[in-house]
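Asker: Just a sequence and a predicted model for now, questions to come.
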Amino acid sequence: MAAGTLYTYPDNFRAAKTLIAAQYAKADIKIAPNFVFGETNKTSDFLKKFPTGKVPAFESKDGKYLQDTNAIAYYVANDELRGKNDYDRAQILQWIGFAEGEILPVVCAWVFPVLGILKNDSAKDSFQRVKDDIKIPLTILNSHLLTRTYLVGERITLADIVIACNLLNAYKYVLDPSFRKPFVALNRWFTTLINQPQFKAVLGDVVFCDKVAQLGNLDVSAQSQGKSKKKEAKKQEPKSEKKQTPKKEKEPEEELDAADAVLAAEPPSKDPFAELPKGTFIMDDFKRVYSNEEESKSIPYFWEKFDPECYSIWYSEYKYPKELTKVFMSCNLITGMQQRLDKMRKQTFASVCLFGTDNDSTISGIWVWRGQDLAFTLSPDWQIDYESYEWKKLDPKSEETKKLVEQYFSWTGTDKEGRKFNQGKIFK
C-alpha cells in the first residue's frame, strides 16, 4: 500500500485522480499542509525534489518523488485499478492517453475563457469552434459506453478515474443540459462515478452546469488561485502612474494550473415538486410502513392512503434488454440511476426489478410520485437515465394496476416473457 504526501492546492482536478485512486486502494496519502501555489512550488527545497515546479507532486514515505499526475495516480492505485491482465492494462493506458491528448485540451480551451483565464481575442475567436471540437471525444466516449458500464472490464479502473476528472470542469461549468443531452450513455457513466463513495469523498457533491457562463463571467479570485493574502494586499496598494512597471506575465503552465483551482458558488436548488399539490398521501408514512411491515400489511396500507388526485403510478421498462449481459452489471445500472435521482426521493417511491439471468434479463419497475405527469421533466438533473426506459401511466382504479403493484412491491412473479424474478432495488 502506497503512503506519502501530495503537494497541491484545493480542488485541483489533477490531484483528484490520485486522491480517488487512493480511496479505492486504501493508500495513506496526506495533503501537504500550508501549500501556497506560486510560492511553495518555487522554493529551492521544492525544486530540488521536483525540478519542473509543477503540481500535483508526490513524495512517498520512503523518499521517492513523482510529478506527472497520471503517474502518481498509477503509483498509489491497486491492481484492480491498474488492470488485471496485459490487455486490460494496455486499454487503460490507451484511455489515459485519450484523456490527456483528446479530452483535456478541448475542455481547457472552453472552460478557461469562461473562467476568465484566457482573455485575448484569439480565445473569443476559438470559443465557438471549441464547442464543436469537444463533441468529437464526447461522441467517442458515448458510443463506447452504450453497451458498457465502465471503460475497461466490469469494474472501475484508472481509465474511468482519469477521464472523469478531466471532464469534471466541463460538466461543472460549460456542458449545460441542452449540450449534454445527446450523450446519454456518457452522462450515465459520469454520474454513476461521481456518486460512488470514493469519488464523493474527494469531490463532494458535483453540481452540473445549468447555464453556461459567457467569456470571463466567472470571477477568478486571487485566493482561489493559491496566492497568499500578503501578495494580494500588496497588489491592491495604490501606485504612482510614473512608477508603474509592466506586469510580468505568468508562465503559461502556471496560469493553467491556477485556473484549475477556481470554484463557482452554486445557489441551493429549488425542490421541483414544491409547486405541486401535496394531497393527503404522506409518502414518508408509507415508506415507514413498507420498511417495517410485511407486504400483506404495507400494500393494503398503500391503497388505503393513496391519493390519486395528487399522486400517480407509473410502469417503466428498459428499452434495450439485448444489451444486458451480466446480472451484477444490470443491477449496477439500476443502482446508478437511483443514485442519480437522489434529490427526488422525498416525493417518490419505486420498486425496480430484474427478471431473468445472465445474458437473458429485463429491467422494469413501478414508480409512485407526486403529480400527474412524468416527474423527470421537472428537473434537468433527473433526465440522465429516464429516456432509456419506456414509461406508462397506470390507472390506480384498475385491477391490472393493483396486480402489478402487488407483484413489484412484493418482488414475486415473472416478466411478460416469463423470466423469473431475480432481484430488486427499492427507491425510497
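Answerer: Nice, thanks for sending it over.
Asker: report the longest helix in the protein, please.
Answerer: The single longest helix within the chain, with elements called by DSSP state H, is helix 127-145.
Asker: residue boundaries of the strands in the protein?
Answerer: 3-7, 28-31, 57-60, 65-66, 311-318, 348-357, 360-370, 389-394, 421-427 (DSSP state E).
Asker: if we can go back for a sec, residues making contact with the longest helix of the chain?
Answerer: When contacts are defined by Cβ atoms under 8 Å, 6 or more residues apart in numbering, helix 127-145 is touched by residues 98, 102-103, 106-107, 109-110, 113, 151, 163, 170, 179, 182-186, 188-189, 215. (C-beta placed from N, C-alpha, C; glycine too.)
Asker: Would you list the buried entries among these?
Answerer: Buried members of the contacts of helix 127-145, counted by 16 or more other Cβ atoms under 10 Å: 98, 102-103, 106-107, 109-110, 113, 151, 163, 170, 179, 183-186, 188-189.
Asker: which ones among those residues are found in helices?
Answerer: With DSSP H as the criterion, helices contain 98, 106-107, 109-110, 113, 163, 170, 179, 184-186, 188-189 from among the buried ones among the contacts of helix 127-145.
Asker: where does this structure dip in pLDDT?
Answerer: Counting by pLDDT under 70, the low-confidence segments of the chain come to 116-127, 213-269.
Asker: Spell out which residues make up each domain of it.
Answerer: Taking automatic domain parsing as the domain assignment, the record places the domains of the chain at 1-234+251-266, 283-427.
Asker: now these as a markdown table including distance to residue 274?
Answerer: Conversion of the domains of the chain to a markdown table gives the following (distance: least, Cβ to Cβ, whole Å):
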| stretch | distance to residue 274 |
| --- | --- |
| domain 1-234+251-266 | 17 |
| domain 283-427 | 9 |
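Asker: which stretch among the strands of the chain comes nearest residue 77?
Answerer: Using Cβ to Cβ as the criterion, the shortest distance between residue 77 and those is 11.2 Å, found for strand 28-31.
Asker: Can you point out the buried residues in the longest helix of the chain?
Answerer: Counting neighbours by 16+ other Cβ under 10 Å, helix 127-145 gives 127, 130, 134, 137, 138, 141, 142, 144, 145 as buried.
Asker: So which residues of the stretch 201-350 of the chain form helices?
Answerer: Taking DSSP state H, counting those that start in this stretch, the helices of the stretch 201-350 of the chain run over residues 229-236, 252-259, 283-292, 295-305, 327-340.
Asker: what helices or strands is the last one leaning on?
Answerer: Here helix 327-340 touches helix 184-194, strand 348-357, strand 360-370, strand 421-427, going by 3 or more Cβ pairs under 8 Å, 6 or more residues apart in numbering; DSSP states H and E.
Asker: Show me the one of the ones you listed that comes nearest residue 280.
Answerer: Using Cβ to Cβ as the criterion, the shortest distance between residue 280 and these is 11.6 Å, found for strand 360-370.
Asker: Run me through the strand neighbours of that closest one, direction for each.
Answerer: Strands that pair with strand 360-370, judged by DSSP bridges, come out as strand 311-318 (antiparallel), strand 348-357 (antiparallel).
Asker: any chance of the buried residues of helix 127-145 in JSON lines, with distance to residue 371 too?
Answerer: Formatted as JSON lines, the entries for the buried residues of helix 127-145 read as follows, by distance: Cβ to Cβ, whole Å:
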{"residue": "127", "distance to residue 371": "39"}
{"residue": "130", "distance to residue 371": "39"}
{"residue": "134", "distance to residue 371": "35"}
{"residue": "137", "distance to residue 371": "38"}
{"residue": "138", "distance to residue 371": "32"}
{"residue": "141", "distance to residue 371": "34"}
{"residue": "142", "distance to residue 371": "31"}
{"residue": "144", "distance to residue 371": "36"}
{"residue": "145", "distance to residue 371": "31"}
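Asker: and of these, the nearest to residue 373?
Answerer: Distance to residue 373 across those (Cβ to Cβ) is lowest for residue 142, with 27.9 Å.
Asker: Tell me, how many residues neighbour residue 422?
Answerer: With neighbours defined by other Cβ atoms under 10 Å, the count for residue 422 comes to 18.
Asker: how far away is the closest residue to it other than its chain neighbours from residue 425?
Answerer: Across the structure, with Cβ to Cβ, 6 or more residues apart in numbering as the measure, the residue nearest residue 422 apart from its sequence neighbours is residue 354 (4.7 Å). Per Cβ to Cβ, to the nearest Å, residue 354 is found 8 Å from residue 425.
Asker: With neighbour numbers in mind, choose between the two.
Answerer: Comparing residue 354 with residue 425 by other Cβ under 10 Å, the one with more neighbours is residue 354, at 25 against 17.
Asker: May I have the distance across stretch 27-37, first residue to last?
Answerer: Taking Cα to Cα, to the nearest Å, stretch 27-37 runs 25 Å from one end to the other.
Asker: Just give me how far it sits from the chain centre.
Answerer: With Cα atoms, centre = their mean, to the nearest Å as the basis, stretch 27-37 stands 24 Å off its chain's centre.
Asker: Stretch 290-299 now?
Answerer: Here stretch 290-299 is found 34 Å from its chain centre; the criterion is Cα atoms, centre = their mean.
Asker: How about stretch 90-103?
Answerer: For stretch 90-103, the distance between its averaged C-alpha position and the chain's averaged C-alpha position is 19 Å (Cα atoms, centre = their mean).
Asker: Quick check: buried residues in it?
Answerer: By neighbour count, with 16+ other Cβ under 10 Å as the criterion, the buried positions of stretch 90-103 are 91, 92, 93, 95, 96, 98, 99, 100, 102, 103.
Asker: Skipping its backbone neighbours, what lies nearest the first one in space?
Answerer: Of all residues beyond its chain neighbours, the one nearest residue 91 is residue 152 (4.6 Å), with distances taken as Cβ to Cβ, 6+ apart.
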